[in-house]
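Participant: following is a predicted model, sequence given first.
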Amino acid sequence: MKVHLKQIPTEGLHLEGDEECPISGLEEEGIRCAGPLHYNVDLGVTSGALWASGSLSQPVELRCVACLEKFVHKIQVTAFAVHTELCGPEAIDLTPFMREDLLLNLPAHPHCDRDAGRVCKPKQIETYEQDTKRKLDWSALDQLKLKG
Ligand SMILES: [Zn+2]
């Protein structure tokens with residue numbers, strides 16, 4: 001998202017809209033863009049620096065660490081803030097700042113049931129496996145008893 005400094009009036013500028021997902025190329029990490037970035041940002045220039053503040057929202061497809069199912073999660077950056085010195089160029093690219101804030105707000109261990117309305121299925125399988133294992137342990141004990 002490039003902003004031309006000439007376009008920013010002294011009282012500031014409000015920008016809201018959609019833009020191409022800035023965190024593409026992370027498919028190997030299990031992160032895939034699931035739609036455009038939505039931004040709602042105020043911009044201004046004061047004493048040789050550009051500031052921006054607002055919110056970002058980016059839907060991404062993640063892989064659940066528990067069931068390995070893919071699910072869509074919306075990264076919400078509620079306090080997007082930038083303050084950067086202006087050193088020459090007439091346009092500032094906010095994309096790297098947005099990318100960084102989105103990545104910081106990514107869940108480190110995504111669970112598909114973190115957002116309400118979805119049940120992580122393998123948890124049930126996991127419990128079932130644990131039960132089976134417990135039964136096996138008991139049968140091993142029983143065999144020991146028989147031998148004794
Ligand atoms: Zn899951």
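Facilitator: Nice, I can see it.
Participant: remind me which residues of this protein are low pLDDT?
Facilitator: 89, 122-148 (pLDDT under 70).
Participant: quick check: residues of this protein near the ion?
Facilitator: 64, 66-67, 112, 120 (CB under 5 Å from the ion). Placement of C-beta: from N, CA and C, glycine included.
Participant: from the centroid of this structure, which residue is nearest?
Facilitator: By CA atoms, centre = their mean, the chain has its centre lying nearest to Leu106, at 3.0 Å.
Participant: correct me, but Glu61 touches Gly35?
Facilitator: No. Using CB atoms under 8 Å, Glu61 is not in contact with Gly35; the gap is 9.4 Å.
Participant: which residues in the chain form helices?
Facilitator: 95-104, 122-147 (DSSP state H).
Participant: which residues touch stretch 26-35?
Facilitator: With contact meaning CB atoms under 8 Å, 6 or more residues apart in numbering, stretch 26-35 is reached by 21, 23-24, 58-63, 72, 106.
Participant: for these, which one is nearest the ion?
Facilitator: The closest of the contacts of stretch 26-35 to the ion turns out to be Arg63 (CB to the ion; 8.8 Å).
Participant: identify the residues contacting the closest one.
Facilitator: Counting by CB under 8 Å, 6+ apart, Arg63 has contacts 30, 69-71, 110.
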